[in-house]
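Asks: 3D model of this:
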Amino acid sequence: MKTIREIAARLRLNWMLKKYHSYPINLPHDMVNAERLLVCLPEGQRELTMIRQFLPDLSQVFYGSEIFLMASPGSPVYDIFPRKGYRIVTPTSKNVCWSGLAHRSYIEELKKNKYGMILDLNLRSNYFARSILLSFPRAVRIGQGDGSGLPYYNVEIKTRFIRDEKNIYKSIIETIENLKSSSVASLDEVR
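Replies: Below you'll find the predicted structure:
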């Protein structure tokens with residue numbers, strides 16, 4: 001049974017979807033040239049601990065880009081993640097609406113960073129992350145191929161792993177790396 005908050009969150013997301021306007025992206029060019037990356041982290045401490053081991057890989061794939069990490073409000077991200085090399089932009093309870101979506105003022109604050117790419121590492125539907133994704137229609141928005149698709153993601157990565165979260169995260173990062181490296185290689189051939 002859905003709670004009142006879930007119903008309110010879905011209604012608000014539906015309203016946001018009606019106002020949503022998509023913009024064309026140029027893959028993999030926009031991915032390669034993203035100067036700032038926002039990573040939406042999952043809620044659970046176990047998942048956060050698992051993702052922490054992939055931070056060096058993520059830094060390598062997005063070498064030269066500024067990486068922002070955003071966990072759900074109240075998440076122990078400051079205890080788990082290193083601050084060196086990453087900017088943590090995790091919201092406080094004031095930045096979240098009663099329904100669990102990102103507050104408009106928080107979204108406006110995030111927009112100042114001009115993210116070229118958003119990587120959603122939530123493996124389950126997360127209303128907070130969805131409200132962020134809809135707020136950045138010009139960014140390359142990547143997530144796991146769970147069927148959410150457009151307009152939340154303009155790139156979905158499906159893996160052969162179903163419940164093996166560690167391999168799902170690894171596969172997502174490797175796929176992005178392959179996309180970026182194939183683009184760089186083809187650019188070098190043109191030169």
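Asks: and the lowest-mean-pLDDT helix or strand in the chain, C-alpha only, in PDB?
Replies: Least confident helix or strand of the chain, by mean pLDDT, DSSP states H and E, is helix 77-80 with a mean of 75. Included here for helix 77-80 are C-alpha records, laid out as PDB according to Å, rounded to 0.1, in the frame of the first residue of the first chain:
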ATOM      1  CA  VAL A  77      28.200   9.800   3.200                       C
ATOM      2  CA  TYR A  78      30.600  12.100   5.100                       C
ATOM      3  CA  ASP A  79      31.700   9.100   7.200                       C
ATOM      4  CA  ILE A  80      32.300   6.800   4.200                       C
END
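Asks: in that helix, what counts as buried?
Replies: By 16 or more other Cβ atoms under 10 Å, the buried positions in helix 77-80 come out as Val77. No exception for glycine: its C-beta is placed from N, CA and C like everyone else's.
Asks: just how off-centre is it within its chain?
Replies: 18 Å (Cα atoms, centre = their mean, to the nearest Å).
Asks: what comes into contact with that helix?
Replies: Helix 77-80 has contacts (Cβ atoms under 8 Å, 6 or more residues apart in numbering) with 41, 45, 48-49, 52, 69, 71, 88, 90.
Asks: now stretch 6-26
Replies: 2, 97-101, 127, 130-131, 134-135, 137-138, 140, 150-151, 154.
Asks: mean confidence for it?
Replies: The average pLDDT for stretch 6-26 rounds to 89.
Asks: among the contacts of stretch 6-26, which ones are buried?
Replies: Neighbour-count burial (16+ other Cβ under 10 Å) is assigned, among the contacts of stretch 6-26, to 97, 99-101, 127, 130-131, 134-135, 140, 151, 154.
Asks: could you export the residues you listed as a markdown table, including secondary structure?
Replies: Formatted as a markdown table, the buried ones among the contacts of stretch 6-26 follow (DSSP: H, G, I helix; E, B strand; the rest coil):
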| residue | secondary structure |
| --- | --- |
| Cys97 | coil |
| Ser99 | coil |
| Gly100 | coil |
| Leu101 | coil |
| Tyr127 | helix |
| Arg130 | helix |
| Ser131 | helix |
| Leu134 | helix |
| Ser135 | coil |
| Val140 | strand |
| Pro151 | coil |
| Asn154 | coil |
